[in-house]
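In: Fold the stuff below for me.
(chains A and B)
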Amino acid sequence: MKNILRKLSTALIVLLSLSSCKKEETLDASALRLGGDKWEKNEVDNWVYNNLTKPYNIEVKYKWDRTELTMNKTLVPPKEELVIPVMEAMKKVWIDPYEFIKGPHFIKEMGQKQFVMVGSVEYNSNGTVVLGQAEGGRKITLFEINNYDKANKPLIRRMLKTMHHEFAHILHQKKMFTPLYGQVTPGGYDATWFNYTDEEVLKMGFISSYARNTIEDDFVEMIAIMLVSGKTDFNAMINRAGTGKAALQQKEQYVRQYMLETWGIDMDELQAKTQEAINAL
Amino acid sequence: MRKIKYLLIVLFAAPLWHACNKFEDMPETSVNERINERMEEYQTYLSAAPFGWKAYLLTKSGLQKNFTFKFDDKNRVISTLEDDASKREESSYRLKYLQRPSLLFDTYSILHKLADPNPNVYGGEWSKGMESDFEFAFMSASANRIELKGLFNESKLILIKATSEEDSKNTFVDNAKMINEIMKLRTYFKRTTIDDKEYEVDFNPGDRKFALIYYVDGFAKRIESSFYVVGNEVNFYTPLVLGTDTIKVLNDVSFNTAGYVDVKLGAVNLKITEAIEPLYYDKTAVTRFWASGRQLSFTPWVSDSKKDYLNDASITAGTGLNQRVAILGYNPAYDLMGYAADYSLYFGTAIAKTIDVNTGLIKYSFLGTVGSIPAAYRTIIIQTAQNFADPKGLYVIEKGASKYDLVTASDARKWISFGPL
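Out: Numbers count the residues shown, from 1 in each chain, chains lettered A, B, ... in the order given. Reported below is the predicted structural model:
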């Protein structure tokens, strides 16, 4: 009996001492300024909200946030005054043509939800630069915003090509294209793609030098260049490809088939609409 | 035995009580509350400056530039850079708690030009630029002075609250005034004495660097820092440490008509004086400088601290890339001081050397011209050659790999620099 009492009292003492350490705390959501960055909204923020966030649930991050970017690269934020012009062009050349063909829900459902804007390009140690990046079908990082100039058509085409390139990645990340595509020029893929010019690789059956990077990049480069260059220029490229012509035609065939059968999009129509938009910029 | 058991119980329970002990000095608020308080405090400091802030930036690459910033409480900032003091640019900023409370200039402005990885924007290295920052952590802050450190390149940014419009504008004139004062010292060599020890002074308001040099067994020890000028103060980014003394700032820097620069170091008055010879001279430098067939570039002569006093920069040899090329031992009898365009020599002068290994000096005599020198440049080019013919010879000061300064030995008031082509 004594023993039991003693044990009980011991347990009690230990328990009491433990419980006396228990603290209750109310969690505070404002701690460490959780809940996202806050700043005074201006014209740019309102434009983005009204034209992209509200209708398409797209967020545009143009204010610097290092956590969205490669940590060890030197990069700079975009010029504020270029955010609306770039995103306006992007909407006209990317969203509007798809919307025209597929209706208002396609981009809402498929489109990337976040754009991160960077003023400069990202430099790689091998001498190449990164112009755009797509992540997990959700986020697109657009570089070299600060070079945007409405009068500089080649530059605009390059930026818009990046946009279409990245969106095409999202399309095939949702539904993959045929494995036969990779069999057209199976030996041509090479991580050191930058050693050849765009003209040189045409003869190897690639639409651009970067297309040689991977099969997926090859596929989306085809889509992007078909859309941004337009049917006439694209056919001219294929016609001067020489030994690469047959391969390019085969790839084009696969792309058209994929877009039509998977997404119900007629590439001719999308090409025409995109061109119309680019010329109207 | 029973006692031991009780003892054990007490021993076991004691630390539990002990763990509940609080330090009495801990603040009552939580860490988060204190962070938020601090962030609000910093925000107030920044926007409560009606004339803005004078800002002094030092990039990782060693470039020192002055800005002014005027912050409002709506995340907007107006910036001006010394390169064009009339240009005011508006962009956005925000305070954010990262590892420390931080100030982010979050859209592009003139501040970002220095950090731009494209070297065509503000120079510097490809993919890195001038290695500057636009995200800064607060290192210390008060209502009048804020010290920041770049998060990416660890640039240093000092903000000093401007007291008037005039004070704000001075951000862009103080340095030029300082250059003016220092340039009144005419000689290449400068000296000062601190605590009875003599130092050579390398005061370079152009690059905004200051160094004290002393010698131990013939080896130079250099204590150097970049600086920024506020009024007639020279402030060091890295304090100079001399034994037990630490120098953070030189006050009241001004030229005294008696021929030296007056400096206050705390309560101590210092003089930076002219010197016509180095404190220690490396006599072997000349043997590393002169080698037959060696080609080096050269700059125009400096006289009494005035750069290119002959206006050598006006010389154009031909179309394309114009270069000044010295070819040592161009001919067994002479060195050539040549002017080239697009890698072809056009004209120049011949100077004959004698090296005195005992003194380590190089002596030159002017022989004549080479090629046909356009009449407009003749005086400049011949004077350039004649400057080599100092009767006492020239000191050869080794500044780095293939970099040499030649200084007139008779008065040290003229010098010329050689470097790699």
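
In: Mind jotting down where the helices sit in the chain?
Out: Chain wasn't specified; assuming chain A. A:2-19, A:43-48, A:54-56, A:83-90, A:96-102, A:105-110, A:153-174, A:198-202, A:215-239, A:245-263, A:267-280 (DSSP state H).

In: switch to chain B, that's the one I care about
Out: Using DSSP H, the helices assigned to chain B run over residues B:2-19, B:31-47, B:110-113, B:119-122, B:165-170, B:174-182, B:285-289, B:375-386.

In: buried ones in the second one?
Out: Residues of helix B:31-47 classed as buried: B:35-36, B:38-39, B:42-43, B:45-47 (neighbour count, 16 or more other CB atoms under 10 Å in any protein chain shown). Every C-beta, even on glycine, is put in place using the N, C-alpha and C of the backbone.

In: Repeat that for the fifth one.
Out: Residues of helix B:165-170 classed as buried by neighbour count (16+ other CB under 10 Å): B:167-170.

In: and if you look at the fourth one?
Out: Neighbour counts using 16+ other CB under 10 Å place B:121-122 of helix B:119-122 among the buried residues.

In: Do me a favour and average the pLDDT over that helix.
Out: Here the mean pLDDT over helix B:119-122 is 95, rounded to a whole number.

In: And the contacts of that helix?
Out: Helix B:119-122 is contacted by residues B:113-114, B:116, B:125-126, B:129-130 when judged by CB atoms under 8 Å, 6 or more residues apart in numbering or on different chains.

In: Excluding covalently adjacent residues, which one is nearest to B:Ser392?
Out: Not quite, residue B:392 is Lys, not Ser. Excluding its sequence neighbours, the residue lying closest to B:Lys392 (CB to CB, 6 or more residues apart in numbering or on different chains) is B:Ala409, at 3.8 Å.

In: My read is that that neighbour contacts B:Phe388, right?
Out: No - when contacts are counted by CB atoms under 8 Å, B:Ala409 is not listed as touching B:Phe388 (11.6 Å).

In: Overlap in contacts, those two.
Out: Common contact partners of B:Ala409 and B:Phe388 (CB under 8 Å, 6+ apart): B:Leu394.

In: Pull the distance from stretch A:100-119 to the chain's centre.
Out: The chain centroid and the centroid of stretch A:100-119 are separated by 10 Å, computed with CA atoms, centre = their mean, to the nearest Å.

In: Return the residues in contact with the residue in the stretch 51-200 of chain B positioned nearest to chain A.
Out: Of all residues in the stretch 51-200 of chain B, B:Ser127 sits closest to chain A, at 3.4 Å by CB to the nearest CB. Counting by CB under 8 Å, 6+ apart, B:Ser127 touches A:73-74, A:123, B:117.

In: where in the chain is pLDDT low?
Out: With no chain named, the answer covers chain A. The model of chain A has pLDDT under 70 over residues A:1-5, A:8-36, A:137.

In: The chain in question should be chain B.
Out: B:1-24.

In: let's see it at 80
Out: The model of chain B has pLDDT under 80 over residues B:1-27, B:218.

In: Around chain A, pick out the residues from chain B.
Out: B:5, B:9, B:12-13, B:16-17, B:19-20, B:30, B:32, B:35-36, B:39, B:74-76, B:91-92, B:94, B:96-97, B:104-108, B:112, B:115-118, B:126-129, B:131, B:134-135, B:151-152 (CB under 8 Å from any CB of the partner chain).

In: Tell me the buried residues within these.
Out: For the residues of chain B next to chain A, a burial check counting by 16+ other CB under 10 Å picks out B:13, B:35-36, B:39, B:75-76, B:91-92, B:94, B:96, B:104-108, B:112, B:115-118, B:127-129, B:131, B:134-135, B:151-152.
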